[in-house]
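Participant: Here's a sequence, model it:
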Amino acid sequence: IMAFPLKLQEEGLIDYFIKSEGEVSLIELLKGNKDHIGINSNTFKQVDNIDQLEYPNYDDYNFSSYESKYLIITGSRGCVRQCSFCDIHQHWDYRFRQGKSIVKEMIALSEKYKIYDFIFSDSLVNGNTKEFKVFLKELSEHNAQAKYKISWKGQYIIKPYTVDNEEHWNLMAQSNCQEIWIGVESGSEKVRREMNKAFTNDDLYHTIDNLVKYKISCKLLMFVGYPTESEKDFEDTLNLIRKYKIGRAHV
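Facilitator: Residues are numbered from 1 along each chain as shown. Here you go, the predicted structure:
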């Protein structure tokens, strides 16, 4: 992890690098505190309460120069899962914001910049089921009476259909979710177990069917060639794509 930025320093291409979290370290660097933890180091101090971070400032952005206009928002850092091919858990322990705090920021930024579309930077928006539900309810209530409705997109993980029930999907639609991106990776349950992705095909089908029902777009993130994947496993992936190929989901 360290070799690449250190090599860039040796080549004189960069002077400093900050790993994983920069809200504090970058400010300290700008102050001249070059030995602060997190600067040119493989170690850093994680921000435990990310609700306390300042809202981003876009005052110097010329949004008219952008074809797509949206604001970025962060609701969590890290991930509740440890997929075998991913290194997110090596950077952060999972930290999440309160649902009400996220909506408060979205309202404040949308009113300030007159942009009402948001994209979450999170590895997953629904890591904490309780706070995600609070977020959906709060945003749904805001959108029910707002002149300009706030919309959002983000990465999402499959959860059991007993958790993502009818109430959940109704709230997803009312919160004006436009699109989610799901790391399905494979249509084979066996391969997903070996990846440490703990969801069944029934859970997956339940999710996609409800996305279709509530007219929420989705992108299924897939890859082939996992080391343990057999020809049958690959055929399972093809069958998943065939199942949802026409008019049901964007795969």
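
Participant: going forward, measure contacts and count neighbours with C-alpha atoms only.
Facilitator: Fine.

Participant: Around residue 123, how many other residues sit close by?
Facilitator: Per other CA atoms under 10 Å, the neighbour tally for residue 123 reads 21.

Participant: Oops, could you answer that again for residue 167 instead?
Facilitator: Number of residues near residue 167 (other CA under 10 Å) recorded here: 10.

Participant: Compute the distance between it and residue 209, please.
Facilitator: 15 Å (CA to CA, to the nearest Å).

Participant: Off-centre distance for the strand or helix carrying residue 103?
Facilitator: Under the criterion of DSSP states H and E, residue 103 resides in helix 99-113. With CA atoms, centre = their mean, to the nearest Å as the basis, helix 99-113 stands 17 Å off its chain's centre.

Participant: Show me what the strand ranked longest in the chain is packed up against.
Facilitator: Using DSSP state E, we find that the single longest strand of the chain is strand 177-185. Strand 177-185 sits against strand 151-156, strand 217-222, with contacts defined as 3 or more CA pairs under 8 Å, 6 or more residues apart in numbering; DSSP states H and E.

Participant: Spit out the contact partners of the closest residue to residue 176 other than its chain neighbours.
Facilitator: Using CA to CA, 6 or more residues apart in numbering and skipping the chain neighbours, the partner closest in space to residue 176 is residue 151 (4.9 Å). Residue 151 is in contact with 116, 117, 118, 175, 176, 177, 178, counting by CA atoms under 8 Å, 6 or more residues apart in numbering.

Participant: Who does residue 151 form a beta bridge with?
Facilitator: Beta-bridge partners for residue 151, by DSSP bridges, are residue 117.

Participant: what's the spacing between it and residue 31?
Facilitator: In terms of CA to CA, residue 151 sits 37 Å off from residue 31.

Participant: which residue ranges form the strands in the stretch 1-150 of the chain?
Facilitator: Residue ranges of the strands in the stretch 1-150 of the chain, as given by DSSP state E, counting those that start in this stretch, are 71-73, 76-77, 95-96, 117-120.

Participant: Can you tell me which of the ones you listed is nearest to residue 162?
Facilitator: Nearest to residue 162 among the strands of the stretch 1-150 of the chain is strand 95-96; the distance by CA to CA comes to 22.5 Å.

Participant: Tell me which of the strands of the stretch 1-150 of the chain sits most buried.
Facilitator: Of all these, strand 76-77 has the most neighbours on average by mean count of other CA atoms under 10 Å, namely a mean of 25.

Participant: Give me the contacts around that strand.
Facilitator: For strand 76-77, the surrounding residues in contact (CA under 8 Å, 6+ apart) are 50, 92, 93, 94, 95, 96, 97, 122, 123, 124, 125.

Participant: Can you tell me which of the residues you listed are classed as buried?
Facilitator: 50, 92, 94, 95, 96, 97, 122, 123, 124, 125 (16 or more other CA atoms under 10 Å).

Participant: residues in contact with the fifth one?
Facilitator: Contact criterion CA under 8 Å, 6+ apart gives 49, 50, 75, 76, 77, 127, 128 as the residues in contact with residue 96.

Participant: can you list the weak-confidence ranges in the stretch 1-150 of the chain?
Facilitator: Low-confidence segments of the stretch 1-150 of the chain (pLDDT under 70): 1-2.

Participant: And the helices in it?
Facilitator: Counting by DSSP state H, counting those that start in this stretch, the stretch 1-150 of the chain has helices at residues 3-10, 25-30, 88-91, 99-113, 129-145.
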